[in-house]
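>>> The amino acid sequence is not available; the structure is as follows:
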């Protein structure tokens, strides 16, 4: 018997099951391969939650405070370890500009530094410091592999945040169960395939790398291992492979792919359920039909060919997912659903009378109109997240987005009129973008807020292997490639003609402040404590302790009885609360804390916190 185990490693998103392993499982089962899958990411989250000590808190409440606990422990307590200088900190100028505020051993910053460090191998087998090692040991993953008689372990790595956990798992398996073939695949290995091919030492953690699309390559790998044949397999890199398959990789015919198989994943445990409906990730196409945006992160060069699945087959798969998993909501992972695909899939759903809710991403393509959106709405489409980025037409032309402001506004209004929620992905600090051009985007969003359900702001970061990375002069940026570590994802750069990163942050704050002038339900305050103080009459005070790697931290929190949520108090916020409870005057509180917290730029925020506390007469009920 040749059994395959596919796993989703930590540390990744907990909202929805990823599509990678279910797609591979469905394909291998169709080919008659014995395959199972497991989400170790969810297990790792639960492992960490067990280190939170606070009896009044429920599991869900502990879960809501987990990331805060981890960050506080790693940033404040684990400062004397041999790996500490790889963790982002306030003293590290580079880390202050990172896109993800994450101080743990799954951060992008930690990953790229450790992978190029002499301490990598020490950390991978360090049971006292490597939390992934601790988790695998507690879960007895090696015993599980033996019990299930696994012959091939496939590790799906989507994000850099999963890299160290994946290498730890692969290292343990190759050390203690060397007869198991370990293969890594996914977006991360594909992006860094050239570096991985050069790093022969990393093959101590795996036997092969599957790059680009993996269904047929994985099947051919299984067959080769079963027959004990040493053969060339497209998209599969072994230690002695000479090519990275940039120019000769294979792609799948989507019409020949079966429905993804989610068996083995605990679908009820994912957090992104909509109205308690099982929510699954799904795709109707691969690649992007536009495929020109200069900054694209999701599709590094060489870009995959755009292929779409025939709508009747899409709906066939939707029917199977509903029958098998009682799915009620689908998150389409297509880079951008085209107007044609949306219309034809929607019509097929209506024709077959399938009741399903779905969400998708799309371009602001002039081919979209009210009539199309109305049909899609009837077929269950609830929201579209459009890649808006900027309202400035000069930048749209520079970045090859193919948008014009008048058609953009028409599409947004048509979508809203049809009853579909409009989400806009917005990017500030784009190459050559001036502060004035950024204000144009903010002005557009404020003027048309009545048609927009949600705005997600992203600050522009340079990432590897897109058009801007390959031709920085054309886009008015510069970066020192020689200063980048091999596995760097967010590349330090200088926007020669455009705004600074801080100006981009300021623009986002301007948007939220302008939006907050009305009482819109979408209001988002840039001051976290404002919300906490507004809950004064409904909250009680508590604390928890989080212990890991022989260290512990205390977290003070407020518990809102109405919505059963926990709100973390930062240290200075806790001090404000305690001083107010002692009966000190506003002037006395401000005078005392302003001396202690006198950092540049902090006094103004601190003043707001104190005055807001008094304005709301915030008194914790005992």
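The structure has been received and is ready for your questions. Quantities reported herein were computed from a predicted structural model and do not represent experimental measurements.

>>> Would you mind listing the buried residues in the helix of greatest length in the chain?
In the chain, taking DSSP state H as the definition, the longest helix is helix 59-76. Buried residues in helix 59-76, defined by neighbour count with 16 or more other Cβ atoms under 10 Å: 61-66, 68-75. To be clear about C-beta, it is placed using only N, CA and C from the backbone, and glycine gets the same treatment.

>>> Give me the average confidence score over that helix.
Averaged across helix 59-76, pLDDT comes to 92.

>>> quick one: it to chain centroid distance?
With Cα atoms, centre = their mean, to the nearest Å as the basis, helix 59-76 stands 18 Å off its chain's centre.

>>> and that helix, what does it pack onto?
Packing partners of helix 59-76 (3 or more Cβ pairs under 8 Å, 6 or more residues apart in numbering; DSSP states H and E): helix 40-49, strand 52-53, strand 539-548, strand 551-560, strand 565-569.

>>> Just give me how far the third one sits from the chain centre.
By that I understand strand 539-548. 27 Å.

>>> relative to helix 59-76, how tilted is it?
Using axes from the mean of the first three to the mean of the last three Cα atoms, to 10 degrees, the direction of strand 539-548 lies 60 degrees away from that of helix 59-76.

>>> same question for strand 539-548, mean pLDDT?
For strand 539-548, the mean pLDDT works out to 90.

>>> What lies in contact with stretch 198-214?
Under the contact criterion Cβ atoms under 8 Å, 6 or more residues apart in numbering, stretch 198-214 has outside partners 20, 24, 124, 154-155, 166-167, 170-171, 174, 181-186, 189-190, 193, 196-197, 217-218, 221, 235-239, 244-245, 249-252, 286, 304, 486.

>>> Inside helices: which ones of those residues?
Cross-referencing the contacts of stretch 198-214 against helices under DSSP H gives 20, 24, 124, 166-167, 170-171, 174, 189-190, 193, 196-197, 217-218, 221.

>>> If any of the contacts of stretch 198-214 are buried, give me the ChimeraX selection for them.
Entered in ChimeraX, the line below selects the buried ones among these, by 16+ other Cβ under 10 Å:
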select :20,24,124,154,155,166,167,170,171,174,181,182,183,184,185,186,189,190,193,196,197,217,218,221,235,236,237,238,244,245,249,252,286,304
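
>>> and this protein, what are its domains?
3-53+119-237, 273-516, 529-615 (automatic domain parsing).

>>> Distance from the second one to the middle of the chain?
Just to be clear, that refers to domain 273-516. Chain-centre distance of domain 273-516: 15 Å, with Cα atoms, centre = their mean.

>>> That one: end-to-end distance?
End-to-end distance for domain 273-516: 29 Å, by Cα to Cα, to the nearest Å.

>>> Over to the first one?
Domain 3-53+119-237 has its terminal residues 21 Å apart, counting by Cα to Cα.

>>> can you pull out the helices in the stretch 201-350 of the chain?
215-226, 311-325, 339-351 (DSSP state H, counting those that start in this stretch).

>>> want to try TSV for the ones you listed, with distance to residue 442 as columns?
Formatted as TSV, the entries for those read as follows, by distance: least, Cβ to Cβ, whole Å:
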stretch	distance to residue 442
helix 215-226	44
helix 311-325	38
helix 339-351	28
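
>>> With residue 557 as the reference, name the closest of these.
helix 311-325 (35.4 Å; Cβ to Cβ).

>>> Show me what that closest one is packed up against.
Identification of packing neighbours for helix 311-325 by 3+ Cβ pairs under 8 Å, 6+ apart yields strand 278-282, strand 327-332, helix 339-351.

>>> Can you lay out these as CSV showing mean pLDDT?
Shown next, in CSV, are the helices and strands packed on helix 311-325 (pLDDT from 0 to 100):
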stretch, mean pLDDT
strand 278-282, 95
strand 327-332, 96
helix 339-351, 98
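
>>> Residue 79: which of the ones you listed is closest?
Closest approach to residue 79 among those is made by strand 278-282 (38.5 Å; Cβ to Cβ).

>>> May I have the strands that pair with the closest one, each with its orientation?
Here strand 278-282 has these sheet partners by DSSP bridges: strand 327-332 (parallel).

>>> circling back: out of the buried residues of helix 59-76, which is nearest to residue 333?
Among those, and counting by Cβ to Cβ, the member closest to residue 333 is residue 63, at 24.5 Å.

>>> how much space between the nearest residue to that closest one once chain neighbours are set aside and residue 159?
The shortest distance from residue 63 to any non-neighbouring residue, by Cβ to Cβ, 6 or more residues apart in numbering, is to residue 49 (6.0 Å). Separation of residue 49 from residue 159 (Cβ to Cβ, to the nearest Å): 21 Å.

>>> Could you do residue 124 as well?
18 Å.
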